[in-house]
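Student: Below are the sequence and a predicted model for it; my questions follow.
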Amino acid sequence: MNGMRNNNGSSYSSSVATLVFLVLFFVSLSLLPTRIQCADQPYVTSFYAEEIYKELQSLATLFTSDIRKTLSFCIKDMKKDWEEAFDFKGRLDFVDSCVKKKGDFRDRICTSVEIRYYFQSFMDTTGTTSQSYVKPNKNCNLSSWVAGCEPGWGCSVGSTVDLKKELPEIPSRIDNCQPCCEGFFCPQGLTCMIPCPLGSYCPIGKLNTTTSTCEPYSYQIPAGDPNHACGSADVWSGVVNNSDIFCDPGSYCPTTTRKVACDRGYYCRRGSTRQNSCSMLSSCKANTESPNMHAYAALLIVALSTLLIFIYNCTDQILATREKLKADSRERAAKHVKEIAQARQRWRSAKDSITKKKGLQEQLRSFSRRKSMKQDTTNPAAAASPLPPSDNSSEKKESNLTKMMNSADSDLNSSEGFHLNIGDKNLKNKQPKGKNLHTQSQILRYAYGKIEKEKEQEQSNNLTFSGVISMATNVDEEIKARPAIEVSFKDLTLTLRGKKKHLLRCVTGKLMPCRVSAVMGPSGAGKTTFLSALAGKVRGCTMTGSILINGKHESIHCYQKIIGFVPQDDIVHGNLTVEENLRFSARCRLSADMAKADKVLIIERVIETLGLQAIRDSLVGTVERRGISGGQKKRVNVGLEMVMEPSLLILDEPTTGLDSASSSLLLKALRREAHEGVNICMVLHQPSYTLFRMFDDIIFLAKGGLTAYHGPVKKVEEYFASIGIPVPDRVNPPDHFIDVLEGIVKPSSGVTYQQLPIKWMLHNGYNVPPDMLHVMSENHDPESSSKGEAEGGGEEQSEHHWDSVEIEKDHVDSNFLIVKDLSNRRTPGVFRQYRYYLGRVGKQQLREGKSQAVDYLLLLVAGAILGMLTTANDETFGSLGYTFTVIAVSLLCKIAALRSFSLDKLQYWRESASGISSLAHFMSKDTIDLFNTVIKPVVYLSMFYFFSNPRSSFASNYVILLCLVYSATGMAYILAIYLAPSAAQLCSVLFPVVMTLIASQKRDTTLMKILAKLCYPNYALEAFVVANAERYTGVWLITRLEYAMDQDEKLRKCSNMKCQRVQVDESSVPALKDEAMEVDHFLAENRNEHVSVDGIL
């Protein structure tokens, strides 16, 4: 029994610790009206009432500090909450009425000890109400149960009790028991009165003879006692447990004793003290609880739908109009330059014709002079007479026309030539340098003038393309040779980790600047692997041998800024035009000190040389949206690296998918790059003989990654013929050599394709691996060698998972690799690249306006559906609707945010590998997505808020939803960056649902508490409920406090630790704890039989 008592005592004391906070809170609230002086109240005029309020005011001051310490988690503004609940200024008629009816009014008001005891008994250990009566005490127990212990009744203290002093225990209050006054509530088991808070309706109950209940309350009068009438309210609790005293919805209660029906044009929520007017577009019938705001929703639907339709249809037009203006400016500049070039050509033709005519006249004059001299010798008189002076003024004084021609001839390097209206004061149009050009028209004229000059030189001299480029580099002093990069490699060997399979083996050679090298061989010979090894992009392999850069042991990554790598796949932004792709690459990768005009010149030159002029304003296209052709996309892929003026250019199958004309055009453009000092190496598949002869060097790789030939193209046929592999007539040499290396064609000399690498090693004096010497034997079986090589890759399967880990490690190392920069090129900084990225990402978002419109439409539909299905509930402060809101908004925003990084992940890898800032890329994406982060909460709330109609403000809901969208977007970024698209989409669907369910569960275990802290929906739900609960004041304070303590165990523990417990003198109430258990059990069994405790006693 003692153990049971101890257990019950501990639980009871824990309950007391929690309830004391509530006691302090409600005591102070009940005392707040005392701050109103009696002189301000027309209803209280007696000196007796003034003394009562002075005592209450002193008690309020006493408990203020305790409330600040214990209930700060639920009270944001204590003064405001007090005034909302107990500011009875101008509403003291119920006090005056009670004073008139009961002369001992002062003796019937509960003391602070009784109020504390009421709330301690009223709440159980979980913080929620469990019964509607007070635990046994001195006045109400099994041995003493007066009429005042019944609900709605109270008694007066004895004459021996001095209420002016602070009492340490519950006073004896059993005299003159009567029904409590209206405006007060008297709990069952307590014989005193407590003021009802504002927002409640506490009239004197009326007996319903049918049910024997006192309406509008739910308590019953004792059976068999005809003198026991209905009193006032009996309990003030949360609305979930008892809502008797709450002012009914559709009505408002200006005082606690008066209820008024809501007028038309106004709405009154439950517990209202005044009626609220409806807004302009909302409608409110009489006695309505909430306004009908569907007109707002309809208006917003129309407005947002119009906006979405505009975005869906007109976003492309905005960019198209801008591009058209740029195209017109570009056409005007090109037309101007062409007219000048044509005028220059015409003046040159005129000069040539005049020169020829002048020479003919000189010949005729010399002939006529010789003839006249003969006549003079025969006629002395004529010889003696002097000849009239001839008019040679045209020879002595040059005309303007002659000056214009001489100007055109003398200024061959001028990009514009001369103006047609040139006169004496403008004999020579001096074109400013690129750094001095500012307007777009000047820049374009400068660029097109340079390009047109190169074309004129090609046409006038009738040279080959390479000859034109060579001459252009000699004539144009502004085109300087680029920094040379020479790549040499010796015994380069690549082996798959965990396997004995060689991808490359014993590859030795050198790639020289100013030369175009091709890598050819059969499928699986390691051509792409070879180029990847040179570029430092090999993953999951063990590399041996050495790679020297300019004769030094330096990492190829040190020259990252001046190395271009063209991947085999066309990794280009499909939602950008051809020119936009090239311009962005040039801006971010060319030198920051280079003038804008020179950058435009480089871009225009690449567009011209690659034949992209006709499609420069066309979108590249994606899988869903048709764009340029595959061959054109391949040339754009190459142009991305050409515009950054690399010193080393590596291309992986650039001619794949191109026709003969496009391949020839591409090779000519690369030849031009090589004449500027670029080291070019590419993988090629069976080129035509014309293209084959355009290369300087050729590398043939045999199966197994072995070198079969590495040297000049001019000597490749001679070498293979020397080892017994001549080229048959009318057969393309590269096709024949690849067929031999593949084993399709067997030479008549008996040389096998396995022996070709050995012969090349012996020819150059390289060391031959010992395990390959048997290949040269006469009894060697080629098929057995190939079988052994194929079987070698199947060993050590147990290390497969470890290999995957090593590959991922290589990827991480490459992303965070820090090397010394030896490229001597200062590219734009992070903030400048961030500006370039903003422009690019902004254009991409505008072109994806249809996807944005769909995202907004989904949010509209979700907000409308959830708003109608989950109308704000006063009992839970609308937590159900907010739970679905968190799930829906998180889900939709995450799916949309995945597109920011999932769709262009390949493009990002290519750009980051070339040295473009990853930070600028991320910051620009996040900055542009901030627009969606700001707009999406408005779109969703425009439907949800006006359909669910919560008490919280639109602004508070928007701020919370803004933080939620930003958090969900950030999590989507992480998923998109680190996971594959399919896995990222799955996680984006599961995470919001699972995390919201965890956050909405009770934290009964330590694991659940930890998980709830890690879930961002937990904080969003708390913020939503708090923002809504702050609007529930007055009679709603207990409901608010109950819900907060029920939802968060931590709040209950915190309040228990801070509580200053009130010690009740239990010696005056013997065995109260044991009796409490008996009373609980007895009343639970007899509650439905209407049996009073007095009758039982």
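Tutor: Structure received.
Student: Tell me which helix or strand residue 452 sits in.
Tutor: Residue 452 belongs to helix 440-461 when elements are defined using DSSP states H and E.
Student: Which neighbouring elements make contact with that helix?
Tutor: For helix 440-461, the helices and strands in contact under the criterion 3 or more CB pairs under 8 Å, 6 or more residues apart in numbering; DSSP states H and E are helix 294-378, helix 465-475, helix 596-609. Using the backbone N, CA and C atoms, a C-beta is placed for each residue, glycine as well.
Student: quick check, residue 760 in a helix?
Tutor: Yes - counting by DSSP: H, G, I helix; E, B strand; the rest coil, residue 760 is found in a helix.
Student: Pull out the buried residues from stretch 227-244.
Tutor: Within stretch 227-244, the residues that count as buried by 16 or more other CB atoms under 10 Å are 228-239, 241-244.
Student: quick one, the helix holding residue 452 and helix 596-609 angle?
Tutor: Per axes from the mean of the first three to the mean of the last three CA atoms, to 10 degrees, the angle that helix 440-461 makes with helix 596-609 is 50 degrees.
Student: Mean confidence (pLDDT) on helix 440-461, please.
Tutor: Mean per-residue pLDDT for helix 440-461: 74.
Student: Kindly report the same for stretch 224-231.
Tutor: When pLDDT is averaged over stretch 224-231, the result is 83.
Student: Using PDB, list the CA coordinates for that stretch.
Tutor: What follows is stretch 224-231 as a C-alpha-only set of coordinates in PDB (Å, rounded to 0.1, in the frame of the first residue of the first chain):
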ATOM      1  CA  GLY A 224     -33.600  13.700  -4.500                       C
ATOM      2  CA  ASP A 225     -32.800  17.300  -3.500                       C
ATOM      3  CA  PRO A 226     -35.700  19.600  -4.600                       C
ATOM      4  CA  ASN A 227     -34.100  22.700  -3.100                       C
ATOM      5  CA  HIS A 228     -30.900  22.300  -5.300                       C
ATOM      6  CA  ALA A 229     -31.300  24.700  -8.300                       C
ATOM      7  CA  CYS A 230     -29.000  25.200 -11.300                       C
ATOM      8  CA  GLY A 231     -26.100  27.500 -10.800                       C
END
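Student: quick one: low-confidence ranges for this protein?
Tutor: In the predicted model of the chain, residues 1-78, 90, 120-133, 312, 315-316, 357-438, 457-481, 775-818, 1044-1097 satisfy pLDDT under 70.
Student: Tell me how it divides into domains.
Tutor: Under the assignment the TED database, the domains of the chain span 47-277, 514-537+554-562+646-773, 573-636, 837-1033.
Student: any chance of the ones you listed in CSV, plus distance to residue 495?
Tutor: Below are the domains of the chain laid out as CSV (distance: least, CB to CB, whole Å):
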stretch, distance to residue 495
domain 47-277, 65
domain 514-537+554-562+646-773, 10
domain 573-636, 32
domain 837-1033, 24
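Student: Show me the one of those domains that comes nearest residue 354.
Tutor: domain 573-636 (33.7 Å; CB to CB).
Student: Give me the distance between the two termini of that closest one.
Tutor: Distance across domain 573-636, first residue to last, is 10 Å (CA to CA, to the nearest Å).
Student: How far off centre is it?
Tutor: 27 Å (CA atoms, centre = their mean, to the nearest Å).
Student: now do stretch 920-930
Tutor: With CA atoms, centre = their mean, you get 7 Å for stretch 920-930.
Student: Apart from its neighbours in sequence, what residue is nearest residue 858?
Tutor: residue 892 (5.5 Å; CB to CB, 6 or more residues apart in numbering).
Student: Tell me how many other residues crowd that neighbour.
Tutor: By the criterion of other CB atoms under 10 Å, residue 892 has 22 neighbours.
Student: Could you do residue 773 as well?
Tutor: So residue 773, with other CB under 10 Å, has 10 neighbours.
Student: measure it to residue 492 for me?
Tutor: Here the criterion is CB to CB, to the nearest Å. By it, residue 773 lies 20 Å from residue 492.
Student: just the strands in the stretch 651-800 of the chain please.
Tutor: 679-683, 697-702, 706-712 (DSSP state E, counting those that start in this stretch).
Student: quick one, strands of the stretch 501-650 of the chain?
Tutor: Counting by DSSP E, counting those that start in this stretch, the stretch 501-650 of the chain has strands at residues 502-511, 516-520, 541-549, 563-566, 648-651.
Student: Quick one: those as a markdown table, columns for mean neighbour count too.
Tutor: Compiled in a markdown table, those are given as follows (neighbours: other CB atoms under 10 Å):
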| stretch | mean neighbour count |
| --- | --- |
| strand 502-511 | 21 |
| strand 516-520 | 25 |
| strand 541-549 | 15 |
| strand 563-566 | 24 |
| strand 648-651 | 26 |
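Student: I am finished for the moment; much appreciated.
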